[in-house]
Every structure is written in structure tokens, then in C-alpha cells.
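Participant: Sequence first, then the predicted structure, then my questions.
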Amino acid sequence: PGTLGNDCPNDSGGRPSMSVILANVAGGEAAIIESRMGSTAAEVHQVLCDRVLHGTLRSRKVLLVTISPGRDKASVCMSDLLRLYGRLIQEVIYVGDGRFSPRAGGILDSATNC
């Protein structure tokens, strides 16, 4: 549903089908992942992340997100992504040295099931 880079749960009503890969901008992992992605497009919505790239990886839709180090930056970035793509996100994969959930209790909020 939607054009690459324009998917939004507010207008698509789609099932979870997208993986989010959250990588530290200081590490080299994002560049390696990006080199293996196909059909890439930059994010068209305003988000407080350093960079968001839509694409495919092994025939799956992915958002490759790079962020500056710091818990606050990751929290704000992930909140923006959840606001835009919450219903479409199937999984969030942290790569590099982040290794924490930016939201207490994890990414999913059991009170609102989102």
C-alpha cells in the first residue's frame, strides 16, 4: 500500500509489514546495510532522526534509520516513527551500540496496544 517512502498508517490501514533498523550514525553498520538495500528512497515526512531511508532488504520493506548517540535522540526519533508508521512496523532491530529501548517497557505500549 502506498508509494515507497510515502506509506503512512493514517491512510493505508495496512498490516504490519515493515522492519525498522535503528543504527548509530557513528558506527559503520548503517553504510553496510544500505549497500545491500534495493529500491531506496529518502523519507518524505518530517521526523527528528538524522536520516531515514526506505528500501528493501531480502525482499522485505525496511526503514534504515540512523541516529546520533544518546538516549534522548533515539527516543524522539522512535516516537516520530511510531507516530507515522506504528501500525505498519512489524519489528525494530537495534544495530550498533544503542542496545536499549527508548521507551519504558519496550516499544509497544500495552495500554493502547500501539
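Facilitator: Thanks, I have it.
Participant: how about the helices in the chain?
Facilitator: 9-12, 29-36, 71-85 (DSSP state H).
Participant: I'd like those as CSV, with mean pLDDT, mean neighbour count and distance to residue 56 appended.
Facilitator: C-beta: built from backbone N, CA, C; applies to glycine. Formatted as CSV, those follow (pLDDT from 0 to 100; neighbours: other C-beta atoms under 10 Å; distance: least, C-beta to C-beta, whole Å):
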stretch, mean pLDDT, mean neighbour count, distance to residue 56
helix 9-12, 45, 14, 17
helix 29-36, 87, 14, 10
helix 71-85, 83, 18, 15
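Participant: So for residue 55, which of those sits nearest?
Facilitator: helix 29-36 (7.8 Å; C-beta to C-beta).
Participant: For the closest one, which helices and strands make contact with it?
Facilitator: On a contact count with 3 or more C-beta pairs under 8 Å, 6 or more residues apart in numbering; DSSP states H and E, helix 29-36 meets strand 18-24, strand 51-57, strand 60-67, strand 89-95.
Participant: Would you format those as JSON lines with mean neighbour count and mean pLDDT included?
Facilitator: Converted to JSON lines, the helices and strands packed on helix 29-36 look like this (neighbours: other C-beta atoms under 10 Å; pLDDT from 0 to 100):
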{"stretch": "strand 18-24", "mean neighbour count": "22", "mean pLDDT": "86"}
{"stretch": "strand 51-57", "mean neighbour count": "18", "mean pLDDT": "91"}
{"stretch": "strand 60-67", "mean neighbour count": "21", "mean pLDDT": "89"}
{"stretch": "strand 89-95", "mean neighbour count": "16", "mean pLDDT": "84"}
